[in-house]
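Peer 1: this one's sequence-less:
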């Protein structure tokens, strides 16, 4: 057993080896989606300024363990995503390899970011059994979600209502996007601006208001003048779509559908699958994405420890 554990110490993966690892992880999709997507982001877009995602894999041809970190810029948690094939690698050797992971202290707050639910349950047992750390950490509430993906077939674009235009997101709209983001604790505002600069996203901007609408909604014109972003979606660190949001006054006009399909088409054209993580309790988001053709795949969890 000791010999097997020694075979799976972790090493960082860089350069051309990232492409080889991505191809290997593709064999395990959709379960490997988060670490696979993080590597796709590195290969397609590089590393956004001051935001570095590192990739580690276990040594040995028989090992499937891959870790990506950090997955968030928050300083409150150490964040990572983990994948392995539990049919090929046992819990004991995985725990032994993870204990060698640089820059991770298993006794300080952790956030397991979008790991497959079955693997997260194993990680929880490793921490509870002190295979990782010394038992100082306690689990917070787990968020259960599912991965939803579109097929790689071309998608039709939807037309915008009069008075709106769609453009790529940029740092100028990142502040508004961060303000309304449900999970803004994941990224500082400055880190989010860097992500928006480096990764694709789409936003819909108000260009004009009809005379009738302007007379009926003077407060809306004052709050959201021409050029204001009113609906958006952004690609994240794991090549998944997220932070889909429409300002309440502009809902039920099909704007979210337009930006979602625009970004989905962008991702698909680059050879990836358009994907999104949706919390199991968010029935409205599930219905919205299913109507656009997204299908439910594997169970994903978000598990903080403090």
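Peer 2: All right, it came through fine. It should be emphasised that the depicted structure is a prediction, and the values quoted were computed from it without experimental measurement.
Peer 1: got the residue ranges for the strands in the stretch 1-150 of the chain?
Peer 2: For the stretch 1-150 of the chain, the strands defined by DSSP state E, counting those that start in this stretch occupy 10-13, 54-58, 66-69, 78-83, 110-116, 143-149.
Peer 1: List the contacts of the second one.
Peer 2: If you take C-beta atoms under 8 Å, 6 or more residues apart in numbering as the criterion, strand 54-58 is touched by 7-14, 18, 21, 35, 38-39, 42, 63-70, 84, 89, 97, 101-102. Any C-beta I mention is one placed from the backbone N, CA and C, and that applies to glycine too.
Peer 1: mind listing what's buried in the strand ranked longest in the chain?
Peer 2: When every strand of the chain is counted residue by residue (DSSP state E), the longest turns out to be strand 295-305. Buried residues in strand 295-305, counted by 16 or more other C-beta atoms under 10 Å: 297, 300, 301, 302, 303, 304, 305.
Peer 1: contacting residues around residue 255?
Peer 2: Neighbours of residue 255 in contact, by C-beta under 8 Å, 6+ apart: 160, 161, 164, 204, 230, 231, 246.
Peer 1: and the gap between it and residue 79?
Peer 2: Residue 255 sits 31 Å away from residue 79, taking C-beta to C-beta, to the nearest Å as the criterion.
Peer 1: any low-confidence regions in this structure?
Peer 2: 1-8, 152-155, 209-226 (pLDDT under 70).
Peer 1: Mind doing that once more with 80?
Peer 2: 1-8, 48-50, 60-62, 151-158, 208-226 (pLDDT under 80).
Peer 1: Which stretches in this protein count as helices?
Peer 2: Using DSSP state H, the helices of the chain run over 2-6, 16-26, 33-45, 91-98, 117-128, 171-180, 189-198, 211-216, 218-223, 255-269, 283-291.
Peer 1: ok, and for the last one, which residues are buried?
Peer 2: In terms of neighbour count (16+ other C-beta under 10 Å), helix 283-291 has its buried residues at 285, 286, 288, 289.
Peer 1: Dump those residues into CSV; add distance to residue 136 as well.
Peer 2: Formatted as CSV, these follow (distance: C-beta to C-beta, whole Å):
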residue, distance to residue 136
285, 35
286, 37
288, 41
289, 39
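Peer 1: which of the residues you listed sit farthest apart?
Peer 2: 286 and 288 (7.3 Å; C-beta to C-beta).
Peer 1: thinking again about what came up before, the strands of the stretch 1-150 of the chain into a markdown table, with extra columns for distance to residue 279 and mean neighbour count?
Peer 2: Below are those laid out as a markdown table (distance: least, C-beta to C-beta, whole Å; neighbours: other C-beta atoms under 10 Å):
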| stretch | distance to residue 279 | mean neighbour count |
| --- | --- | --- |
| strand 10-13 | 31 | 16 |
| strand 54-58 | 26 | 22 |
| strand 66-69 | 21 | 24 |
| strand 78-83 | 17 | 23 |
| strand 110-116 | 11 | 24 |
| strand 143-149 | 5 | 20 |
